[in-house]
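> here you go, sequence then predicted model.
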Amino acid sequence: MNIVETFDSYLNNTLRAEEKKAFESRLQQDAVFAKAFHEHKTLVDTMAQSAKRENFKQKLNNIHKELFGENTKIISMVRENSFAQRHGRTIAVAASTALVAVLATVAALSTGGYLLKKQNNEILELKRNVMELKYSNDGIVEGITKKKTKTVYAPANLEGSAFALNNRGYIVTSYHMVKSADSVFIQNENTERSHAKVVYTDEAIDLAILKLDNTNVAENWQVPYGLKNKTAEIGEKVFTLGYPRSDVVYGEGALSSMSGYSGDTSMYQISIPVNPGNSGGPLLDEQGNIVGVIKGKITGAEATGFAMKANQILRSLDQNASDSLKTELLTPISRKQTLRNLKRSEQVKRINPYVFNVLVYKAD
Amino acid sequence: MSVSKVQFSDEEFIEGLRSGNNEVLKALYKKHFQLVLKFIVNNNGTQEAAQDIYQECIIVLYENAQDPGFQLHCQLHTYIYSVARRLWLKQLKKAGKTFLMKEDEEMDLADVSEDLTQHLQKETDLEKLNTSMSQLGEPCQSLIRDFYVNRLSMDEISAKFGYTNADNAKNQKYKCLQRLKKFFFNTTGGVEQTQRLEL
C-alpha cells in the first residue's frame, strides 16, 4: 500500500483496528506525516464540497428554469417596486410585439400604486401613535385599578449575582456568596424565584456551582455564550451584568491587569466599577464569551474590580470534580457564536435571561 | 400538479434547506428572487447577473444552514438582501466600477460578515481546486474525479481507462494526485515530503 492508499483507507474507515491504532499514534508523533495527511484530507474534502456545490447549483438552475422559463424576458424592475411587491410574483412576458403595450400598462399601474402606498404609510404611522397612546392609557388605568398580587418574601441575608453555565440548570456564582448558607435562591425578570443546591465549591478560587432543584425551570434555556478557555488580554474591552440592586445593571470597561489582588494570577483586574451585589456575575469579552466571574474590589478604590479567570473554572473542575459531574457541567451544547457580531444592546438582551440575582439566607 | 403549501415560515425554509426538501427550496427560490432582481437591476446589473447573485445568496444560506447551530438573527429576506448587496458590491468593486448605490429604503440590513467570510474563503478554495484540476489535464482529471467524487473502485477505473490491472491504475492515480497536490497547495516541498514518507 502506498501512503495515499493508506490515507484513503483511513478516511474511508477501512483500516483494520490495529492498523488504525498505529496510524493514529503516528499522526500524534510524526509531524511531517501529520502534515501530509492533513493536506490530503483538505484536498479530498474540497473535492467533495466542490461536487456538492455543483449539484446544488444544477438544482437551482433547474428550479429557475422551471419557475421563470428559459426564453422569457423579465422586464426591468426599475421603478415598479410596489406593483411587483403587491403582486408578489415575477412579471415575465415573452419577448414579443406586445412588449411596448405591456410596458406602458406596467408604468401606469406602478405610478398609481406608488402614490397609493405612500399615503397608506402615513396613515399607518398615525394609527400606530393612537394605538400607543391607547396602550399607555390602559397601562395607567390598570396600574390604578389592579391590585398587586406579588408574593412578598423575607429579605435575604446576602444578595449577589450568578449566571447559567449550561442549559441543564447549572449556575455559576462566587463561593463567598453561598458560604455557610442555609438556602440559596435565584431569580430574574424571566425566571421566578427558584431554589438551588450548591453542588460544587472551590474555596481557593472562590467558585461555587449551583443546580436548580426544579430543572423544569431550565427547560427552555438556550445559553448563548460559552466559557473561554484562553485567557483574555490586557486592554480587551469587557462588560458585566449583575444585580447590585434588584434590577439588572450593566457595566463596561477594560481588562487592566493579568493578575488580581496582591499578584494573584487566578484573577484579572478590571476597570469596571463594581458594587456589592456584583459578586458572582459574568465577565464577558466583546464577542460575548465568558472570560471571568466578578469577585470583588479594593475597599475605597473606584473603578477597580477583580474577576476570577474563566479558565480557572475549567481547571478546577478538571482536577476536582467527579467524572459524572464533569460530564453534566461541561458537555458542550450546540451553539453557533450567537453573540458574535451583534450590537452590545442585542448581546445584553440575549444574555440577560441567564444572569440571576442570587438570594442567600443564613440561620444566624 | 401536486398540492403544495403556499406559505412557509422562515424557520420552515431553513429546516427544509437542511433536510434537502426540494419543494421548500423551490418555494424559497421563488419567494425572494424578485427582491434581488430589483436590487441588481437598479444598480447597473443585468438580469443574468441578478440570477447569478441570487443563486449565490441561496448557496450561502444553504451551506450555512447545514451547521446545526445556525440561527437567523434577522428575517430571511433581510438576510438574503444583505448577502446580495455585499456580493454585488464586491463584484462591482472588482470590475472597477464606481457608481451610486440605489438602496431599497424599505429594507433593513443585517450583519452577515461572518457567514460571508466563510463563504468567500470556501469560494477561493473551490476556485483553486478548479484551476488545479484543469492544469492537471486528462486523463488525470477524470481519474481523480472518478475515484474521489464518483467513488468508482480501482477495478472499475482500470477497466474504464484501459489499464492492464488495478495496480497500474493505483500507480497512475497516485501520480495524478501528487501532481494535483502540487498545483493545489502551490508548493513542491510538501509533495516531496509526502513521497519520502513510508509507512
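That came through, no problem. Numbering: from 1, shown residues only, chains lettered A, B, ... in the order given.
> quickly list the domain ranges of chain B.
Domain assignment for chain B by automatic domain parsing gives B:10-115, B:122-196.
> export these to TSV and tack on mean neighbour count, distance to chain A and mean pLDDT?
Where C-beta positions appear, they are placed from N, C-alpha and C, glycine not excepted. Below are the domains of chain B laid out as TSV (neighbours: other CB atoms under 10 Å in any protein chain shown; distance: least, CB to the nearest CB, whole Å; pLDDT from 0 to 100):
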stretch	mean neighbour count	distance to chain A	mean pLDDT
domain B:10-115	17	3	82
domain B:122-196	16	4	80
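> ok, longest helix in chain B?
helix B:113-136 (DSSP state H).
> helices and strands around that helix, which ones?
On a contact count with 3 or more CB pairs under 8 Å, 6 or more residues apart in numbering or on different chains; DSSP states H and E, helix B:113-136 meets helix A:31-68, helix B:47-65, helix B:76-94, helix B:140-148, helix B:166-185.
> what lies in contact with it?
A:43, A:46-47, A:49-50, A:53, A:337, A:340-341, B:59-60, B:63-64, B:83, B:86-87, B:141, B:144-145, B:176, B:179-180, B:183-184 (CB atoms under 8 Å, 6 or more residues apart in numbering or on different chains).
> now do it and helix B:140-148, the angle between them.
Comparing the axes of helix B:113-136 and helix B:140-148 via axes from the mean of the first three to the mean of the last three CA atoms, to 10 degrees yields an angle of 120 degrees.
> how far off centre is helix B:113-136?
Taking CA atoms, centre = their mean, to the nearest Å, the mean C-alpha location of helix B:113-136 is offset from the chain mean by 8 Å.
> likewise for stretch B:9-26?
On CA atoms, centre = their mean, the centre of stretch B:9-26 falls 18 Å from that of its chain.
> then stretch B:142-158?
23 Å.
> swap in stretch B:111-125?
Counting by CA atoms, centre = their mean, stretch B:111-125 comes out at 10 Å from the chain centroid.
> now do the SS call for the closest residue to A:N190 other than its chain neighbours.
For A:N190, ignoring the flanking residues on the chain, the nearest one in space by CB to CB, 6 or more residues apart in numbering or on different chains is A:P353 at 4.4 Å. Look at A:P353: counting by DSSP: H, G, I helix; E, B strand; the rest coil, its state is helix.
> swap in the one 3 residues further on?
Classification of A:F356 by three-state DSSP places it in strand.
> name the helix or strand for the closest residue to it other than its chain neighbours, please.
Leaving aside its chain neighbours, A:F356 sits nearest to A:I186 (4.0 Å; criterion: CB to CB, 6+ apart). For A:I186, the element it lies in under DSSP states H and E is strand A:183-187.
> in that strand, which residues are buried?
Buried residues in strand A:183-187, defined by neighbour count with 16 or more other CB atoms under 10 Å in any protein chain shown: A:V184, A:F185, A:I186, A:Q187.
> just curious, which of those is nearest to A:P332?
A:I186 (23.2 Å; CB to CB).
> burial check on the residue nearest to A:N190, number of neighbours?
17 (other CB atoms under 10 Å in any protein chain shown).
> isn't it right next to A:T191, touching?
Yes. Counting by CB atoms under 8 Å, A:P353 touches A:T191, with 7.3 Å between them.
> contacting residues for the closest residue to A:N2 other than its chain neighbours?
Once flanking residues are discounted, A:N2 sits nearest to B:Y174: 5.5 Å by CB to CB, 6+ apart. With contact set as CB under 8 Å, 6+ apart, B:Y174 has these partners: A:N2, A:V4, A:E5.
> in strands, which of those appear?
If you go by DSSP state E, the contacts of B:Y174 have nothing in strands.
> all helices for the stretch 151-300 of chain A, in order.
Ranges of helices in the stretch 151-300 of chain A, per DSSP state H, counting those that start in this stretch, are A:175-178.
> under the pLDDT cut-off, which ranges of it? List them.
The model of the stretch 151-300 of chain A has pLDDT under 70 over residues A:151-152, A:299-300.
> contacts only, for B:R86.
B:V112, B:S113, B:L116.
> neighbours of A:N166, how many?
20.
> how much space between it and chain B?
15 Å (CB to the nearest CB, to the nearest Å).
> surely that residue touches A:Y225?
No. Applying CB under 8 Å as the test, A:N166 and A:Y225 come out as separate, 10.4 Å apart.
> leaving out sequence neighbours, find the closest residue to the residue in chain B sticking out farthest from the centre.
Residue farthest from the centre of chain B, counting by CA atoms, centre = their mean, is B:T164 at 37.2 Å. Closest residue in space to B:T164, ignoring its immediate chain neighbours: B:S158 at 7.6 Å, by CB to CB, 6+ apart.
> does A:L158 have beta-bridge partners, and which?
A:V360 (DSSP bridges).
> right, and it touches A:V360 too?
Yes. With contacts counted by CB under 8 Å, A:L158 reaches A:V360, the gap being 4.0 Å.
> now the common contact residues for those two.
Counting by CB under 8 Å, 6+ apart, the residues touching both A:L158 and A:V360 are A:M177, A:A181.
> specify the angle between the helix or strand hosting B:E15 and helix B:76-94 in degrees.
Per DSSP H and E: B:E15 is located in helix B:10-19. Going by the same axes, to 10 degrees, helix B:10-19 is angled at 60 degrees with respect to helix B:76-94.
> now the element after helix B:10-19, going C-ward?
Sequence order places helix B:22-42 as the next helix or strand after helix B:10-19, per DSSP H and E.
> hang on, the earlier thing: tabulate the domains of chain B (TSV), appending distance to A:I298.
Formatted as TSV, those follow (distance: least, CB to CB, whole Å):
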stretch	distance to A:I298
domain B:10-115	39
domain B:122-196	50
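> give the bridge partners for A:A208, please.
Under the criterion used (DSSP bridges), A:A208 bridges to A:T173, A:T201.
> how close does it get to chain B?
A:A208 sits 29 Å away from chain B, going by CB to the nearest CB.
> and for that residue, the neighbour number?
Neighbours of A:A208 under the rule other CB under 10 Å: 26.
> just the strands in chain A please.
Going by DSSP E, chain A shows strands at A:72-74, A:92-94, A:158-164, A:170-174, A:183-187, A:194-202, A:207-212, A:237-242, A:249-257, A:267-270, A:282-285, A:290-297, A:305-309, A:355-361.
> same list (those) but as CSV, adding distance to A:F37.
Conversion of the strands of chain A to CSV gives the following (distance: least, CB to CB, whole Å):
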stretch, distance to A:F37
strand A:72-74, 50
strand A:92-94, 52
strand A:158-164, 40
strand A:170-174, 38
strand A:183-187, 48
strand A:194-202, 40
strand A:207-212, 40
strand A:237-242, 39
strand A:249-257, 39
strand A:267-270, 39
strand A:282-285, 34
strand A:290-297, 34
strand A:305-309, 35
strand A:355-361, 44
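> of the ones you listed, which is nearest A:A218?
Once these are compared by CB to CB, strand A:207-212 is nearest, at 5.9 Å.
> how far away from the center of its chain is that closest one?
Strand A:207-212 sits 21 Å away from the centroid of its parent chain (CA atoms, centre = their mean).
> what is the orientation angle of that strand with strand A:290-297?
Strand A:207-212 runs at 110 degrees relative to strand A:290-297, counting by the same axes, to 10 degrees.
> what helices or strands is strand A:207-212 leaning on?
Counting contacts by 3+ CB pairs under 8 Å, 6+ apart, strand A:207-212 is packed against strand A:170-174, helix A:175-178, strand A:183-187, strand A:194-202, helix A:310-320.
> format the ones you listed as TSV; extra columns: distance to B:Y29.
Conversion of the helices and strands packed on strand A:207-212 to TSV gives the following (distance: least, CB to CB, whole Å):
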stretch	distance to B:Y29
strand A:170-174	43
helix A:175-178	54
strand A:183-187	47
strand A:194-202	47
helix A:310-320	44
